[in-house]
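J.: I'll drop the sequence and a predicted model, then ask my questions.
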Amino acid sequence: MIRLKNVSKFYYSKGLITTGFVKVNLDFALGEFIAITGESGSGKSTLLNVIGGLDTYEEGEMYINNLETSHFVSKDWENYRREYIGNIYQNFNLINSYTVYQNIELVLTLNGVSKKERRKKVLELLKKVDLLKFRKTKVSKLSGGQKQRVAIARALAKDTPIILADEPTGNLDKKSALGIIKLLSEIAKEKLVIVVTHNYEQVEEYVTRKITMHDGKILEDKKIKDYEEVENPKKASLKNIRFIDKIQLGFRNTFNVLPKFVLLLLVYSFIVVSLMSEYSAFKKEEYEASKDGDNYIFSNTDDKRIIVKKKDKTSFSEEELSKLKNYEHTDYLIENDFLVDKYVNLVNDNNRFWVSGDASSLDLFKGSVDVGRNPNNSNEIVIKGMRDDYYLGTKYQELFDNTFYLSDDQGNYDKSFPIKIVGIKYIEDDSYQDYTLYLSKEILDKMLLEEHEINSDITIDFMAHYYKSTRYDTNFQLVGNDNVPRGEVYISDSLKYSCPNDYCLNASLNVNVKNIYFDTSKDLIISKMYTKDNIDKLLNIGDYSKDNFSNYDGALYMNREDYQELFSKGIYQISIFVDDYKNVSEVVSYLNKNNYKAISIRDTLVSSGILQIVKIIKTVITLLLIIVMFFITYFVIKIILKSRNIYFSIIRMLGGAKKTTRDLLIIELFFVSNIAYFIFAVATYLQRIKILNIGFIETVNRYFLFKDYTLLYVIIILMSYLISLRYARKLFKNSVMNTYREEL
Ligand code: ADP
Ligand code: MG
C-alpha cells in the first residue's frame, strides 16, 4: 500500500541542515500492526510525518498504491491526507475548547458528512472507545487516557485505511496505555496501523512487525507474527465541508475562546471608532467648507433651505401648499420665499429715522427676545442684530417708541400700515452682520405686491398713448391707496398734456402687468388729477410729500384692492426648510420627481478652487489613514491569532483544505467585525435618544447619511476580509508541520 524507496528527509533551519532520516526503504501493507522504535532523535516522528503527508521529503520516492508522490503539490497531499490518513499524537492535538462530541464530529464536518450521518457515526465511535457518557464534556476536563481515546475515535471517524500514532501512550499511565494499544490492535485487523513507541515491551504482544531506527536509518525490520491481508484497500470517499457547516463552525469559533473573542472585539471596536471619528471629522469639515461658498441671489443661506417652483410655472394651489407643509421632512414652509432674501427699509413718519436689514419671516424666529417682547399682532416685528450695535445695544427704547412704515428705495412710504418694533434678539457671535427684521405674513404679503411691481413690465394705455415702466427703466409707479375708490385712478396733473384739450378726467386707462409669472390687465377710470398742493389731502400720504413732490409725481394711485388684483396672483416660488440638513438631498429629489423644480440653497453657492483642492487633499489623507489602519490592525490581529495556529493546523491534519481554514477565519472575523459595528450602531442610537453623550458619535449622528454608514460598513467588512486572506495565505505558506511546529 505504501512503499518508500531511498527516501530521505532533511531539515533546513537557519542555514543548518539536520537529518531527519536517510535512504529509508520500507513497504507497508493493510492489516499490518507495526511498531517503530528507537531512541529519541532517531527519526521516528519524522518518518511518520512523511508517511502521513504532513511533511515533505527531499530524496527518493514514496509510492501510494504504486503511485509516485514526488510530483505532488499541496492540493494532492491534502487529498491524500483526507482519504488515507488518520493521525494520533502523543499530545492528543484535540481542540480543548470543544466537547468530546464536537472534537470527533469536527473531522466529519470538515469532510462534508451530513449532520444526521455525523451524529450516527460519532455516537457509534463513542461507544467503541467507551466515552459515551462524556460526550458533552470539554476535552480539557478529561484524563490523558480518555483524551487519547477521543483522539482514536477521531482518527477512526473518517474510515481511512491508514492510522498513524506517534507515541500514543507516551503521556499515559500503564493501565490506560494498555487499553489504547488493545484498541489499536483491534483496528489494525482491517487497516494499516503504525505506532511509534520507545516502549516496545508495551506493544510486543500485539504487533505484527517491529522496525527499529537509529540515527535516521532503519536498523532492523522484523516480522513478529502473521497478519491477515486485507484485499481491497477502501479509501474513504469524502467531500469538502458543506457551506452551512462552515458558517456554523465559524460561528462557534468566534465565541468559544472568550479572551480571544474579547481581544478581537476590542481591536475591531478600535477600528470602527477610529474610522468613524476620522470620517465624521472629514464630513464635518466638508460641510463647513461648503458653507463658505458665495451666492448673489439668496441672503438666507440656511443649509436646510430648499427653493421650490412648479415645473409648469403655474402658481401653487392651496392643496399643494398644504401637502408640502405636511410632508414628513418639512420643518416649515415659506410662501413667496424671495421676500426672505430682500433688504427691507423701514422709515418713521418724518423720514429721519431709518431701520434697514434682511427681511425674514416671523415663522423663522426661534426662541425668545433678549429685550422687549415677542410680537402679538401682524404690525409688530422683532429685530436681530449685534449686541454692540449702537441702537440695538443702548438706544433700543428709541426704536420701540417710534412708529415705522415700509419704504421703497425712493423713500415713498405708506402710512396706512404702521409698524412697531417690539423686541430685540442679539447675535451671539461677533462677526459683523446686518440686522435681520422678522416680519409678519401681512407685511411680507405687502412687500410681495411691491416686489411683483418692481419685477414686472407695466404698460399703461390711455388716449392711445403707451407708457412703459420696467425694472431697469422706471417711468411711473402704481400705488395702492385706500382713498381712491374701486375702479378709479388718480394721475398726476403733469400727465394732462397727453389728453385732448389737456383734459383727462373720465377717460379710461388700461394697465397691463407682465412678468415671468403672469400677464394681466385692468381698465380704470381717471377720476382725479393730483398736484403738489392737493396730494396729501387727496391721498393722505403725509405733509412730507409736499416738500418732496417729485418723489410722488410719477405715481398712479388706485384702490388697494385693484392694486392687489393686478399683482397678487398667487404663489410662484416657495422655500421649504427641512427638519434636518441630512434630508435635504432626499427632499430635493422627491420634489423634482413630483412636478416641482427644487434646488437646495447649498447648490446655489459657488465655492472657490482652493476649497476643491483642500477637499481632494483631505480625501487622500483619509484614504491613507484607512490603509495605515489596515496594517496596524493586521499586525495586532496576527498576534492574537497566533494562538489559533494549532487549531488551524489540527483542521488541516484532519483533512480540512487550506481553503477551509481560510473560510473559517473569514467567517470568524466577519462575525467579530459585525458585532463591533453593531455595538457602534447601538451607541449612535443611544446618543440619539440622549442616553449617551460622546462627542464624535454626536458628529456622526449629525453628518452621516445612510450611505455613509453603508460605506464605512463595507470598508470595515472588506478590511476584515483582506486581513483574513492575508493571514490565511501566510499561515500555510509552508507545510502543515512547519506551521504546527512554529507554534510548539
Ligand atoms: P524521534 O521522533 O525519533 O525522537 P525526530 O523524528 O523527532 O526523532 O527527529 C529526528 C531528527 O530530526 C533529530 O535529529 C531532530 O533533531 C531532527 N529534527 C526533528 N524535527 C526537526 C525540525 N523541525 N527542525 C530541525 N530538525 C529537526
Ligand atoms: Mg518523536
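T.: Arrived safely. Numbering: from 1, shown residues only. Ligands and ions are numbered 1, 2, ... in the order given.
J.: for the residue of the stretch 551-700 of the chain found nearest ligand 1, what are phi and psi?
T.: Per C-beta to the nearest ligand atom, residue 649 is where the stretch 551-700 of the chain lies closest to ligand 1, at 13.6 Å. All C-beta atoms are positioned from the backbone trio N, CA, C, and that covers glycine. Note on residue 649: backbone dihedrals following degrees, to the nearest 10 are phi -60, psi -40.
J.: excluding its backbone neighbours, what's nearest it?
T.: With sequence-adjacent residues excluded and distances taken as C-beta to C-beta, 6 or more residues apart in numbering, residue 649 is closest to residue 740, at 4.0 Å.
J.: how far away is that neighbour from residue 500?
T.: 118 Å (C-beta to C-beta, to the nearest Å).
J.: for residue 176, give its distance to residue 728.
T.: Distance from residue 176 to residue 728, by C-beta to C-beta: 37 Å.
J.: show me what counts as buried in stretch 239-259.
T.: 240, 241, 245, 246, 249, 250, 253, 254, 256, 257 (16 or more other C-beta atoms under 10 Å).
J.: next one: stretch 376-388
T.: For stretch 376-388, by 16+ other C-beta under 10 Å, it's 378, 379, 380, 381, 382, 383, 384, 385, 386.
J.: and for stretch 357-368?
T.: In stretch 357-368, counting by 16+ other C-beta under 10 Å, buried: 357, 358, 359, 360, 361, 362, 363, 364, 365.
J.: of those residues, closest to residue 261?
T.: residue 364 (52.6 Å; C-beta to C-beta).
J.: all the strands of the stretch 251-400 of the chain, residue numbers only.
T.: 305-310, 330-334, 343-348, 354-361, 371-372, 380-386 (DSSP state E, counting those that start in this stretch).
J.: quick one: mean pLDDT over the fourth one.
T.: The average of the pLDDT scores along strand 354-361 is 86.
J.: contacts for it?
T.: 299-300, 334, 339-347, 383, 385, 391, 399, 404, 407, 421, 434-439, 441, 444, 447 (C-beta atoms under 8 Å, 6 or more residues apart in numbering).
J.: quick one, that strand and strand 380-386 angle?
T.: 100 degrees (axes from the mean of the first three to the mean of the last three C-alpha atoms, to 10 degrees).
J.: the residue nearest to residue 676 when sequence neighbours are not counted and residue 674, how far apart?
T.: Counting by C-beta to C-beta, 6+ apart, residue 676 lies nearest to residue 268, which is 3.6 Å off, once chain neighbours are set aside. Counting by C-beta to C-beta, the gap from residue 268 to residue 674 is 9 Å.
J.: those two - which one has more neighbours?
T.: Applying other C-beta atoms under 10 Å to residue 268 and residue 674 shows that residue 268 carries more neighbours, namely 24 against 16.
J.: just the pLDDT at that one, thanks.
T.: On the pLDDT scale, residue 268 gets 92.
J.: hang on, the earlier thing: could the strands of the stretch 251-400 of the chain go into CSV alongside distance to ligand 1?
T.: Formatted as CSV, these follow (distance: least, C-beta to the nearest ligand atom, whole Å):
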stretch, distance to ligand 1
strand 305-310, 71
strand 330-334, 72
strand 343-348, 87
strand 354-361, 82
strand 371-372, 87
strand 380-386, 81
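J.: could you dump these to TSV with distance to residue 523?
T.: TSV is the format used below for these (distance: least, C-beta to C-beta, whole Å):
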stretch	distance to residue 523
strand 305-310	30
strand 330-334	35
strand 343-348	33
strand 354-361	34
strand 371-372	47
strand 380-386	37
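J.: residues in the protein within reach of ligand 1, list them.
T.: Contact residues (C-beta under 6 Å from any ligand atom) of the chain with ligand 1: 11, 13, 18, 20, 38, 40-46, 741.
J.: domain map for the chain?
T.: 2-239, 245-287+611-741, 294-335+572-606, 337-450, 456-567 (automatic domain parsing).
J.: please report how far the residue located most distally from the centre of the chain lies from ligand 1.
T.: Distance to the chain centre peaks in the chain at residue 501, reaching 81.5 Å (criterion: C-alpha atoms, centre = their mean). Taking C-beta to the nearest ligand atom, to the nearest Å as the measure, residue 501 falls 127 Å from ligand 1.
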